[in-house]
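Q: From the sequence below, what's the structure:
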Amino acid sequence: MSKNLVVGTALVASFIALVWDAGKGEAFACNRTAGCAMDVFQESYDMKQSGAMRDAMEAGQANIEAFRALRDNPNPGANTSGTGTKPARRKK
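A: This next block holds a predicted model:
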């Protein structure tokens, strides 16, 4: 009985020490009243107003089109004219 009491007391004391020590560090989460969610909304609004979101969407669409072009023609450097001739070499 006393052995269980000693082990239980030691576990509770170590848990309290662990929780106490964990609370001493700086918080990584945003702790302002409005919270970090409002920062996300503000950043999104700023991107829309400045045109940065439109530019990012256009760049993303260009990447999608380039990917599809490569997928449809996996060897873009190949001669596709059907003549069987190689492209002329560039002179040095």
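
Q: Output the below-cut-off pLDDT ranges for the protein.
A: When the per-residue scores of the chain are filtered using pLDDT under 70, the ranges that remain are 1, 15, 17-35, 76-88, 92.

Q: which residue ranges form the helices in this structure?
A: Assigned helices in the chain, in chain order: 2-22, 36-50, 52-72 (criterion: DSSP state H).

Q: Now render the ones you listed as CSV, adding mean neighbour count.
A: Just so you know, the C-beta spots here come from the backbone N, C-alpha and C atoms, and that holds for glycine as well. Putting the helices of the chain into CSV (neighbours: other CB atoms under 10 Å) gives the following:
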stretch, mean neighbour count
helix 2-22, 9
helix 36-50, 11
helix 52-72, 10
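
Q: could you dump these to TSV with distance to Lys91?
A: As requested, the helices of the chain are exported to TSV (distance: least, CB to CB, whole Å):
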stretch	distance to Lys91
helix 2-22	70
helix 36-50	47
helix 52-72	29
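
Q: Looking at the ones you listed, spot the one closest to Arg89.
A: For the helices of the chain, proximity to Arg89 was assessed by CB to CB; helix 52-72 is nearest, at 24.4 Å.

Q: Between helix 36-50 and that closest one, find me the angle.
A: The directions of helix 52-72 and helix 36-50 differ by 80 degrees, with axes from the mean of the first three to the mean of the last three CA atoms, to 10 degrees as the criterion.

Q: what's helix 52-72 packed up against?
A: With contacts defined as 3 or more CB pairs under 8 Å, 6 or more residues apart in numbering; DSSP states H and E, helix 52-72 has these neighbours: helix 36-50.
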